[in-house]
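# Fold the following for me, if possible:
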Amino acid sequence: MKKMLSVLTGGLFIGVFCAGAACAQPAGKAIVDNACTKCHGIKKVESAHKKTAEWEATLDRMIKKGAKVKPEEREAVLKYLNTLNK
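Presented below is the predicted three-dimensional model:
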C-alpha cells in the first residue's frame, strides 16, 4: 500500500511538473516550425549557429521574403532562435 501511494504521488508530481513550463514548448518554437518550414527544413534553422544580431537580420530578411511571422511574434521567435546557439 505504501509503495502504491509512493508511485501514485511520484506520477502525479511528474504529471504536474510536465504540465508546467518545464515540459512546455517554447513560445517561438511553434512559430518557427510553422513559418520557416514553408521554404526549407527545420534542420537548416536548428543547425545555424548565429549571434543575436545575425538572427535578427536573418529573421527580418525571411519576413521580407514572405515568412509568416507577425510583428507581435518577432520577440518570441528571436528568443527561441537564440536558444539554438547553446
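# What residue, apart from its backbone neighbours, is nearest the residue sitting nearest the centre point of the chain spatially?
Centroid check for the chain by Cα atoms, centre = their mean gives residue 29 as the closest residue, at 2.7 Å. Spatial nearest neighbour of residue 29, chain neighbours left out: residue 80 (5.2 Å); criterion: Cβ to Cβ, 6 or more residues apart in numbering. Heads up, the C-betas are built off the backbone N, CA and C, glycines and all.
# same question for stretch 26-33, mean pLDDT?
Summarised as a single mean, pLDDT over stretch 26-33 is 92.
# Same question for stretch 73-86: list its buried residues.
73-74, 76-78, 80-81 (16 or more other Cβ atoms under 10 Å).
# Show me those residues that map onto helices.
74, 76-78, 80-81 (DSSP state H).
# Can you tell me which of those residues is nearest residue 68?
Each of these was scored against residue 68 by Cβ to Cβ, and residue 77 proved nearest at 11.0 Å.
# gap between the closest one and residue 34?
Distance check for residue 77 against residue 34: by Cβ to Cβ, to the nearest Å, it reads 10 Å.
# so where is this structure shaky, pLDDT-wise?
Residues of the chain meeting the criterion pLDDT under 70: 1-24, 86.
# which residue ranges form the helices in it?
Using DSSP H, helices in the chain cover 2-19, 27-36, 42-46, 52-64, 74-83.
# Just the buried residues of the shortest one, please?
Applying a neighbour-count criterion of 16+ other Cβ under 10 Å, the buried positions in helix 42-46 are residue 45.
# Could you check how far it is from the centre of its chain?
12 Å (Cα atoms, centre = their mean, to the nearest Å).
# One more: stretch 46-65?
Distance, centroid of stretch 46-65 to centroid of chain: 15 Å (Cα atoms, centre = their mean).
# pull the CA atoms of that stretch into PDB?
Extracted C-alpha coordinates of stretch 46-65, given in PDB (Å, rounded to 0.1, in the frame of the first residue of the first chain):
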ATOM      1  CA  GLU A  46      18.400  24.300 -35.900                       C
ATOM      2  CA  SER A  47      21.900  23.800 -37.300                       C
ATOM      3  CA  ALA A  48      22.600  27.500 -37.900                       C
ATOM      4  CA  HIS A  49      24.700  28.900 -35.000                       C
ATOM      5  CA  LYS A  50      24.200  32.600 -35.100                       C
ATOM      6  CA  LYS A  51      24.700  35.500 -32.800                       C
ATOM      7  CA  THR A  52      21.700  37.600 -31.700                       C
ATOM      8  CA  ALA A  53      22.300  40.300 -34.400                       C
ATOM      9  CA  GLU A  54      22.600  37.600 -37.000                       C
ATOM     10  CA  TRP A  55      19.300  36.000 -36.100                       C
ATOM     11  CA  GLU A  56      17.600  39.400 -36.100                       C
ATOM     12  CA  ALA A  57      19.000  40.100 -39.700                       C
ATOM     13  CA  THR A  58      18.000  36.600 -40.900                       C
ATOM     14  CA  LEU A  59      14.500  36.900 -39.400                       C
ATOM     15  CA  ASP A  60      13.900  40.300 -40.900                       C
ATOM     16  CA  ARG A  61      15.200  39.000 -44.300                       C
ATOM     17  CA  MET A  62      12.900  36.000 -44.100                       C
ATOM     18  CA  ILE A  63       9.900  38.100 -43.200                       C
ATOM     19  CA  LYS A  64      10.600  40.300 -46.300                       C
ATOM     20  CA  LYS A  65      10.700  37.100 -48.400                       C
END
